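Colleague: Here you go, sequence then predicted model.
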Amino acid sequence: MEYLMNRRRWQMLMVILVLAAISISYKTVHAEDILDATLSTDSQVITVGDVIPLTLRVTHPAGWRVIFPALEEKWGDFEVRNQEAPQIATNPDGTQTTTQEINAAIMRPGDVQTPALTLSIANDQGSLSSLEVAPVPVSVTSVLVEGDTTLREIKPQAELVSEGRPYWPLTIAGMLGAAALMAYGIRRWRQRRLIDRRTARQRTLDSLTDLSIQNPQTPAEINENCALLADCLRDYLAAVTNMPARDLTTRELARRFKEQELPAAWSTRAVEVLQVCDGVKFANEELERATLQTMISTVRSLVEDYPPQVQPAKRRQGRKKQAEVIA
C-alpha cells in the first residue's frame, strides 16, 4: 500500500515537471515569434552627400531590452554621422517597440546596402540572445545632370546660425565712443601749451597797445592800469638787460642803469615812469587818465628806442672858431 502511494507521488511530480517544461518552451517559442527587427529609411531621392535617416525598430516582449551596438564612423559604404538615444514605446497588444535613429551619408553614387547588423536582446530574466537585422538597399544618385559640365559644390555651404541680434546698439556705441574720443582730442588741443614766438619787444608793444585802447573811468581802474604799465616795463627790462627787474626797487634799478652805463636820458625817463607808478601803488596818489596815456606813450618810446644810442659830446664852438682864425 505504501509502495503504491509513493509511486503515485512520483508520477504526479513527473507530470508537473513535464507541464512546466512545456510551458517554458511555449513561452520561449512565443517570445521568439514576437521578436522582430527592421531597418528602413524614409528618403525616396538620395544624392551624394545627403544625410540619410535610418530607422531601426525592434519589437519585443514587455520588459525586454535591446542592446544596440556602437557603429564605427566608417560603416561599410556609409559614413555614420550620429546615433540617437533609443526610444521605447508600448504597443496596444502589450508588446514594446524600441527605436533608434541612425544618420548616415554616402559619398559616391550607386546601389548599396547597409552592412549586416546584429543586436543583443536581454529578456526579463537577464538572459541574452542575438537578433539579426536584414540589410536595407539604398540607391544614391549623382548631383550632376547628364550633359552638365558645370562645377559646383556637392552641398551648399553651411549657413552660420545667428541669434538675429540688432546692430543698432553696436552702431550707437561706436558713435558715442568716436564722439568721446573727439571731445577728448579737442580738450587736449585746447589745453596744449602755446608757444609765444614773439620777441620781448613785440610782446611789450602789444601789451602797451592793449592798455592804450582801454578806457578806465574810476580811480581804481586807473590805478590798476598803472600797475599793469609798471609790470610791462619791468618785464621788458628783465628781458633785454638780464636784470631781475620784478625783484628790484625803483632805486635799485636806477643804480643798475648806471652800472650798465645806459644813457642818462633813457634811464631817467624809465625811472620817472616807475616812480609815478610806485606813488600810485604805495602812496595811493591819484592819477589822471590823460597822465596815464602820456606815460604809456613814454614807455612805448623807451621800448622803440632801445638799445639807446650814446649821444656824442658837443663840441665847443669857441675853440673851433679860434682854431679857424689861427689857421
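Modeller: Right, received. Where do you want to start?

Colleague: going forward, measure contacts between C-alpha atoms and count neighbours the same way
Modeller: OK.

Colleague: Please look at residue 124 and residue 66 and confirm they touch.
Modeller: No. Taking contact to mean Cα atoms under 8 Å, the distance of 11.3 Å between residue 124 and residue 66 leaves them out of contact.

Colleague: between these two, who's got more neighbours?
Modeller: It is residue 66, of residue 124 and residue 66, that has more neighbours when counted by other Cα atoms under 10 Å, with 22 against 12.

Colleague: which residues sit in contact with that one?
Modeller: Residue 66 makes contact with 58, 98, 119, 120, 121, 122 under the criterion Cα atoms under 8 Å, 6 or more residues apart in numbering.

Colleague: Among these, which ones are in strands?
Modeller: Cross-referencing these against strands under DSSP state E gives 58, 98, 119, 120, 121, 122.

Colleague: Which among those count as buried?
Modeller: 58, 98, 121 (16 or more other Cα atoms under 10 Å).

Colleague: These into JSON lines, with extra columns for distance to residue 308 and pLDDT?
Modeller: Formatted as JSON lines, these follow (distance: Cα to Cα, whole Å; pLDDT from 0 to 100):
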{"residue": "58", "distance to residue 308": "122", "pLDDT": "92"}
{"residue": "98", "distance to residue 308": "118", "pLDDT": "93"}
{"residue": "121", "distance to residue 308": "124", "pLDDT": "90"}
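
Colleague: between these, which is closest to residue 292?
Modeller: Distances from those to residue 292 were compared by Cα to Cα; the smallest belongs to residue 98, at 113.9 Å.

Colleague: quick one: contacts for the spatially closest residue to that closest one that is not a sequence neighbour?
Modeller: The spatially closest residue to residue 98, leaving aside those adjacent along the chain, is residue 88, at 4.4 Å (Cα to Cα, 6 or more residues apart in numbering). For residue 88, the residues meeting the contact criterion (Cα under 8 Å, 6+ apart) are 96, 97, 98, 99.

Colleague: so what's the first one up against?
Modeller: Residues in contact with residue 96, defined by Cα under 8 Å, 6+ apart, are 59, 60, 61, 62, 88, 89, 90.

Colleague: Check the third one and give its pLDDT.
Modeller: pLDDT recorded at residue 61 is 91.

Colleague: and it, how many neighbours?
Modeller: By other Cα under 10 Å, 21 other residues sit near residue 61.

Colleague: and what of the second one?
Modeller: Other residues near residue 60 number 25, with proximity taken as other Cα under 10 Å.

Colleague: would TSV of the ones in strands among the contacts of residue 66 with distance to residue 205 be doable?
Modeller: Conversion of the ones in strands among the contacts of residue 66 to TSV gives the following (distance: Cα to Cα, whole Å):
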residue	distance to residue 205
58	109
98	105
119	109
120	110
121	112
122	112
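
Colleague: tell me which of those is nearest to residue 183?
Modeller: Using Cα to Cα, residue 98 comes nearest to residue 183 of those, at 69.5 Å.

Colleague: how near is residue 181 to residue 174?
Modeller: 11 Å (Cα to Cα, to the nearest Å).

Colleague: what does residue 219 give?
Modeller: The span separating residue 219 from residue 174 equals 58 Å under the rule Cα to Cα.

Colleague: same thing with residue 112?
Modeller: 57 Å.

Colleague: More neighbours: those two, which one.
Modeller: For residue 112 versus residue 174, the count of surrounding residues by other Cα under 10 Å is larger for residue 112: 17 against 12.

Colleague: Next, count neighbours for the nearest residue to the more buried one once chain neighbours are set aside.
Modeller: Computed as Cα to Cα, 6+ apart, the closest residue to residue 112 that is not its neighbour in sequence is residue 138, at 5.3 Å. A count of neighbours around residue 138, defined by other Cα under 10 Å, yields 19.

Colleague: do the one 5 residues further on as well
Modeller: When neighbours are counted by other Cα under 10 Å, residue 143 registers 16.

Colleague: Which positions are bridged to the nearest residue to it once chain neighbours are set aside in the beta structure?
Modeller: Of all residues beyond its chain neighbours, the one nearest residue 143 is residue 47 (6.1 Å), with distances taken as Cα to Cα, 6+ apart. Assessed by DSSP bridges, residue 47 has beta-bridge partners residue 141.

Colleague: you'd agree residue 47 is up against residue 111?
Modeller: No. Applying Cα under 8 Å as the test, residue 47 and residue 111 come out as separate, 11.3 Å apart.

Colleague: shared neighbours of those two, anything?
Modeller: Overlap between the contact sets of residue 47 and residue 111, as judged by Cα under 8 Å, 6+ apart, is given by residue 140.
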